[in-house]
Every structure is written in structure tokens, then in C-alpha cells.
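K.L.:
3D model of this:
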Amino acid sequence: MNNATPNTIPEYLEALRYELRDADPALLQDALYDAEEYLRSELAENPGMDEARLLASIAGSYGAPAEVAAIYRDTEVQVAQALRTPPPAPRASLAGRFFGVMADSRAWTALFYMLLSLATGLVYFTVVVAGLSTSAGLAVLIIGIPVVILFVGIVRLLSLVEGRLVESMLGERMPRRPLYVGRGQPLMTRIGAMFTDPRTWSTMLYMVLMMPLGILYFTVAVTGLSTSVGMVAGAIAVVLDLAGLVHVDGNLQLGPFDNAWIGAPVMAVLGVLVLFVTLHLARGIGRLHGGLAKHLLVKTAQH
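P.N.:
The predicted model follows:
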């Protein structure tokens, strides 16, 4: 990459892409979008000025690609520090690390994401399947072209929404701006780029995968929570029944324990342990899913 002054907006964006080549792909997408938005708005406000003169005139206000890249890197560090949730205190012992998950807010937000994923997965899957089938059915008609463009636009919008959910709940850095689409190019070129961009298809793949993943995540979360609550509530009910404070119709089963006074506390402890295991599982799933979302929704945006 040479250090010549960019003469066109695409050259400026390519230079900025080069300067941020080692940055987070989500940061790169945000920087490209912001730069193109600013440069093209300036060009629209000065219709008699060519791009070379425009870039030279705003070099002092907006900055050269290297300067803009440095600003984005510094800002990213500051924002990340401001938004980062306080990490739990480090635990030296195995027991401390196991029970310390209760104080990890990321485990709770990941658990909530697992519960929410059933609804989001259903929405994503429905949009993609309905969009693909409708687009294929109308492909032979003139109206099929705007329908396909609208469908791809909706998919990209949902991708941005999902990115915000992933970043806020799972802690994975995701784009905060739409995908850079080369708005200075002719309309048909831009439309063609939408279909040749691997990210378009990887996003659709992600949304289709969210249906079975959402069912799996929801099932794991509900099973863990209901088992934990059921065991603790059942143990409490047994103790209250034995103490004569409440009357429980039917026989309460405590598994292999014949003595209810022994079995009830043991079941309560096991129920609490199930909750901790569920939180550990949710935190692990959150990390894995964050990586999957980053790979399918963001990674190809830098190519």
C-alpha cells in the first residue's frame, strides 16, 4: 500500500481499510461506513467540486486515513473500557471458580440470550425462508427485482439487530453501523455486489441456523432452571409438610432417600448446584455463539 494522497472516495476508503487491516472487523465496518457517509455528504453539499479537491480540502477537518484509523483505535479502547462489565473477582480455588459464576453478569445475560433465542431464531428463520421462496417465485417477473433487494435489505437490518443483541448480552464486539456498500457505484453494480458478497449468504446461513440453535439453547436453559427450581421448591415443600406448616396432597418423592429430613436438604443442595452448572453452561455457550456470530455476520465484511 503506497502513501499517496487519495484522489477519490473509493481510494480513501481503501486506504482506511489498509490502515485498519489488523483491527477488529466490526470496528473496520463502522469506520468505513462513517467515512463514506461523511465524505459523500460533503461531496453532495459541494456539487461543483471533484473528489480530489474535496479530499484535499477536508484533510484538515476529517483527517488522513492513517489519522482517522488512529482515532478509531483510541476511541475503541475508551469505549470498550467504559462499556465493559466489571469482571468477577479472581478465584484461586476450584470451588471459588465454580461458585463465583453467580457474580458474573455475563453468565446471566448469556442465560437470558438463550431464553430469547427461541423467539429470535423463529423470526430469522421465517424471514429467510419466506424471503427466499418469494424471491424465487417472482424471479421471472419485473417486480421480483425490488422484492429481492428489499429481502436482502431486511436480512442486513436483522443482522445489525442481532449484532447488538450479541454484543450487549454475550460481550462479542459487533458492528454498530450498517455494512459498507460502495454507495458511489452505479445501482446495478451495487445490486450485483450484494449477491456476490459472501457475507450476504453467511448471514442467511446464520439466521437459518438460529432456528435449531434457538430451540437447543431455550431447551437447555429452561431444563436447567426448571430442574433447579423444582428440586429446591420440592425440598422446601417437604420440610414445611413435615413441620406441619402446610399440607401437601399426595406423596413427595425424594429419590433414593427414605428419610425425608435427610433427603430434603440433599435435594435442595443438588438443586442449587444445578443452577450453578446451568450458569457455567450458559457462559460457555455464550462465548461459543459469540464467536459463531462474529464469523458469519462480520468476518466477510473486510473482504
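K.L.:
looking at it, residue 36 is touching residue 10, isn't it?
P.N.:
No - the pair residue 36 / residue 10 is not scored as a contact, 9.1 Å apart, by CB atoms under 8 Å. Any C-beta I mention is one placed from the backbone N, CA and C, and that applies to glycine too.
K.L.:
which of these two has more neighbours?
P.N.:
Using other CB atoms under 10 Å, the more surrounded residue of residue 36 and residue 10 is residue 36, with 21 against 15.
K.L.:
quick one, phi psi at the more buried one?
P.N.:
When read as degrees, to the nearest 10, the backbone of residue 36 gives phi -70, psi -40.
K.L.:
Look up how far residue 46 lies from it.
P.N.:
16 Å (CB to CB, to the nearest Å).
K.L.:
The spatially closest residue to residue 282 that is not a sequence neighbour: which element?
P.N.:
Of all residues not flanking residue 282 in the chain, residue 111 sits nearest, at 4.0 Å (CB to CB, 6 or more residues apart in numbering). Assigned by DSSP states H and E, residue 111 falls within helix 105-137.
K.L.:
next SSE after the least confident helix or strand in the chain by mean pLDDT?
P.N.:
When the helices and strands of the chain are compared on mean pLDDT, DSSP states H and E, helix 187-196 comes out lowest with a mean of 71. From helix 187-196 onward toward the C-terminus, using DSSP H and E, the following helix or strand is helix 198-242.
K.L.:
Report the contact partners of the nearest residue to residue 172 once chain neighbours are set aside.
P.N.:
Leaving aside its chain neighbours, residue 172 sits nearest to residue 290 (3.3 Å; criterion: CB to CB, 6+ apart). Residues near residue 290 by CB atoms under 8 Å, 6 or more residues apart in numbering: 166, 170-172.
K.L.:
Columns secondary structure and pLDDT on top of the residues you listed, output as JSON lines?
P.N.:
As requested, the contacts of residue 290 are exported to JSON lines (DSSP: H, G, I helix; E, B strand; the rest coil; pLDDT from 0 to 100):
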{"residue": "166", "secondary structure": "helix", "pLDDT": "95"}
{"residue": "170", "secondary structure": "helix", "pLDDT": "93"}
{"residue": "171", "secondary structure": "coil", "pLDDT": "89"}
{"residue": "172", "secondary structure": "coil", "pLDDT": "90"}
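K.L.:
Tell me the one of those residues nearest residue 218?
P.N.:
Nearest to residue 218 among these, counting by CB to CB, is residue 170 at 15.6 Å.
K.L.:
number of nearby residues for that closest one?
P.N.:
If you count neighbours by other CB under 10 Å, residue 170 ends up with 22.
K.L.:
quick one: it from residue 280, how far?
P.N.:
Applying CB to CB, the value for residue 170 to residue 280 is 15 Å.
K.L.:
Residue 152: what's it in contact with?
P.N.:
Residues near residue 152 by CB under 8 Å, 6+ apart: 194-195, 200.
K.L.:
which element is it on?
P.N.:
Assigned by DSSP H and E, residue 152 belongs to helix 144-170.
K.L.:
in that helix, what counts as buried?
P.N.:
In terms of neighbour count (16 or more other CB atoms under 10 Å), helix 144-170 has its buried residues at 147-149, 151-152, 155-156, 158-160, 162-163, 165-167, 169-170.
K.L.:
Surely residue 29 touches residue 163?
P.N.:
No - look at residue 29 against residue 163 with CB under 8 Å: they stay out of range, at 9.7 Å.
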